[in-house]
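**Q** show me the folded form of this:
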Amino acid sequence: MSDIHLGGTGVKRPCRLTAVHERFVAQLLHGRLAGPVAKTSTVLVPRAATLDGFVALSSAADGISLRDLDPLTTLLVRTCNSHYRIVISQNTEVFVQGGQFFPDVTAARLEGSSFGGSFLKVGWIGVGLRMEIWANDLRIITSPVCAIDRESDARAH
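**A** Below you'll find the model as predicted:
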């Protein structure tokens, strides 16, 4: 576990997303409007900002459903800005440590993942998506996820 640094205190490695994930993120980050606003009130929006687009893009993303994991399963999640250690309690109830908001182990609810908009894939952590975590009466939205490992798998490498 020497390459995992919690609490944002470790050396930051560059986030390397696959070309598919880079396209997902680019669609969201580069302007809400895909073209100029016409006087006819037609507004073009990125595909990821529509329900059909969100479903298609999030379904194509690599990830893991929290409901498929046994209690006490430990995940190591690397986002573009931080590392998180997440221990599954039950369903979406977790204990999380990492990033600037969770320097200590904190009981939380991992709501799911999104591209940063109003659509949420519930109970899911997806590569290229942002985790939404509810803890201490705050909703925390992380930077995009770059990698997800089970702690036992990470130790084997």
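
**Q** show me what contacts Q90?
**A** For Q90, the contact set (Cβ atoms under 8 Å, 6 or more residues apart in numbering) comprises P71. For the C-beta atoms, the positions are set from N, CA and C on the backbone; glycine is no exception.

**Q** tell me the pLDDT at it?
**A** For Q90, the pLDDT comes out at 89.

**Q** so what sits opposite it in the bridge?
**A** E93 (DSSP bridges).

**Q** how much space between it and R130?
**A** Distance, Q90 to R130, using Cβ to Cβ, to the nearest Å: 23 Å.

**Q** can you check T42 too?
**A** Per Cβ to Cβ, T42 is found 29 Å from R130.

**Q** quick one: low-confidence ranges for this structure?
**A** The chain contains residues with pLDDT under 70 at 1-41, 43-51, 53-54, 57-60, 153-157.

**Q** tell me where it has helices.
**A** Along the chain, counting by DSSP state H, helices occupy 19-29, 51-60, 151-156.

**Q** can you count the residues close to L138?
**A** 9 (other Cβ atoms under 10 Å).

**Q** oh, I was asking about R109
**A** Counted with other Cβ under 10 Å, R109 comes out at 17.

**Q** look up the closest residue to it, ignoring the ones flanking it.
**A** The shortest distance from R109 to any non-neighbouring residue, by Cβ to Cβ, 6 or more residues apart in numbering, is to W134 (4.6 Å).

**Q** wait, doesn't S113 sit right on R130?
**A** Yes. Contact status for S113 versus R130: in contact at 6.4 Å, counting by Cβ atoms under 8 Å.

**Q** and for these two, which residues touch both?
**A** V145.

**Q** domains for this structure, by residue range?
**A** Following automatic domain parsing, one finds the domains of the chain at 19-60, 63-156.

**Q** related to what we said a few turns ago, in terms of neighbours, single out the busier of T42 and R130.
**A** Legend: neighbour count by other Cβ under 10 Å for T42 and R130, higher for R130 (24 against 8).

**Q** who are the contact partners of the more buried one?
**A** For R130, the contacting residues are T79, S113, S114, F115, G116, I141, T142, S143, P144, V145, by Cβ under 8 Å, 6+ apart.

**Q** which of these are buried?
**A** By neighbour count, with 16 or more other Cβ atoms under 10 Å, the contacts of R130 hold T79, S113, S114, F115, G116, T142, S143, P144, V145 as buried.

**Q** okay then, goodbye and thanks.
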